[in-house]
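K.L.:
predicted structure and sequence below. I'll ask about it afterward.
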Amino acid sequence: MKIVNTTDIPSQVIRRCVSWICGLKGIGYARAQIRPSDINTVKVMNTRHGWHGHAKPWSGEVLLRFAKTDEAARDNTAEVLDALGSVRGARDRWEALVSIAAHEIQHLAHDRRGAIFGSIRRSLKEGESRKAEEIALVAFRADRKALLERWHRGVVRDLRPASERRALSTQLAVQRREDKARASLAVWERKLKTAQRKVKEYRAKVRYYDKKAAGREIDQG
């Protein structure tokens, strides 16, 4: 699972959060839980207000967007939903992250298992995702402090600007590709030397057998 992250929340924390959501009972496929390895890429970005996301089943990609501050990320309908007895409605950016991640992960699982098409499919799909959102929010609120401590354990927060982090990430990616190219070149150069030696060896053998065959033809003539 690749994490593409431009927020101030460490990528390792987001990875642990997504893995925790995948392990919750009731989220995933009809008869099995979705695994973190079923998700190819998680893109996490900031938005000005609220939170929203998108799932791409054909590529296994999940996009999560939420506001930078608790106040901006707070769901405008949170009070109404609380009054109605619903657990849905993010009260801060952490609940926004958990909500949208669970919602979009369920969308991904629903689409990947090949549900029925048309308006019934869309209705079932959204209902399942809202249920997954509720499951994740209830579990998160019940054990919030311990979960946040566990997700942040051993994580060093990177305070550099997102642009600087992206530039460093690009630089490291280029360096990895260069190292891989150099290693591959060394491997193929060794194989080339071996191939050249073998060609020389077998060329000599073929010449020997050609001469031997020519000698037999002379004797027979």
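P.N.:
Good, I have the coordinates. Residues are numbered from 1 along each chain as shown.

K.L.:
buried stuff in stretch 40-52?
P.N.:
Across stretch 40-52, burial judged by 16 or more other C-beta atoms under 10 Å covers 42-44, 46, 50-51. In short, each C-beta sits where N, CA and C put it, glycine included.

K.L.:
quick check: end-to-end length of stretch 43-57?
P.N.:
Terminal residues of stretch 43-57 lie 14 Å apart, using C-alpha to C-alpha, to the nearest Å.

K.L.:
circling back to that earlier point, okay, who's weakest in the buried residues of stretch 40-52 by pLDDT?
P.N.:
Lowest in pLDDT among the buried residues of stretch 40-52 is Gly50, which has 71.

K.L.:
distance of it relative to Arg74?
P.N.:
8 Å (C-beta to C-beta, to the nearest Å).

K.L.:
where do the contact lists of these two overlap?
P.N.:
Ala96 (C-beta atoms under 8 Å, 6 or more residues apart in numbering).

K.L.:
of all the buried residues of stretch 40-52, which two lie farthest apart?
P.N.:
Farthest-apart pair in these is Val42 and Gly50; separation 19.0 Å (C-beta to C-beta).

K.L.:
which SSE is immediately downstream of the lowest-mean-pLDDT helix or strand in the chain?
P.N.:
None of the helices or strands of the chain scores lower by mean pLDDT, DSSP states H and E than helix 78-83, at a mean of 50. Sequence order places helix 93-112 as the next helix or strand after helix 78-83, per DSSP states H and E.

K.L.:
could you give the mean pLDDT of that following helix?
P.N.:
85.

K.L.:
ditto for stretch 63-75
P.N.:
So the average pLDDT for stretch 63-75 ends up being 77.

K.L.:
swap in stretch 190-200?
P.N.:
Average pLDDT, stretch 190-200: 93.

K.L.:
how far off centre is that stretch?
P.N.:
41 Å (C-alpha atoms, centre = their mean, to the nearest Å).

K.L.:
try stretch 1-10
P.N.:
How far stretch 1-10 lies from its chain's middle: 10 Å, per C-alpha atoms, centre = their mean.

K.L.:
report the backbone C-alpha coordinates of that stretch in PDB.
P.N.:
These are the backbone C-alpha positions of stretch 1-10, laid out as PDB (Å, rounded to 0.1, in the frame of the first residue of the first chain):
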ATOM      1  CA  MET A   1       0.000   0.000   0.000                       C
ATOM      2  CA  LYS A   2       1.600   3.200  -1.200                       C
ATOM      3  CA  ILE A   3       0.900   6.400   0.700                       C
ATOM      4  CA  VAL A   4       1.000   9.700  -1.200                       C
ATOM      5  CA  ASN A   5       0.600  12.400   1.500                       C
ATOM      6  CA  THR A   6       0.700  16.200   1.400                       C
ATOM      7  CA  THR A   7      -0.800  16.800   4.900                       C
ATOM      8  CA  ASP A   8       1.000  17.400   8.200                       C
ATOM      9  CA  ILE A   9      -0.100  14.000   9.500                       C
ATOM     10  CA  PRO A  10       2.800  11.500   9.100                       C
END
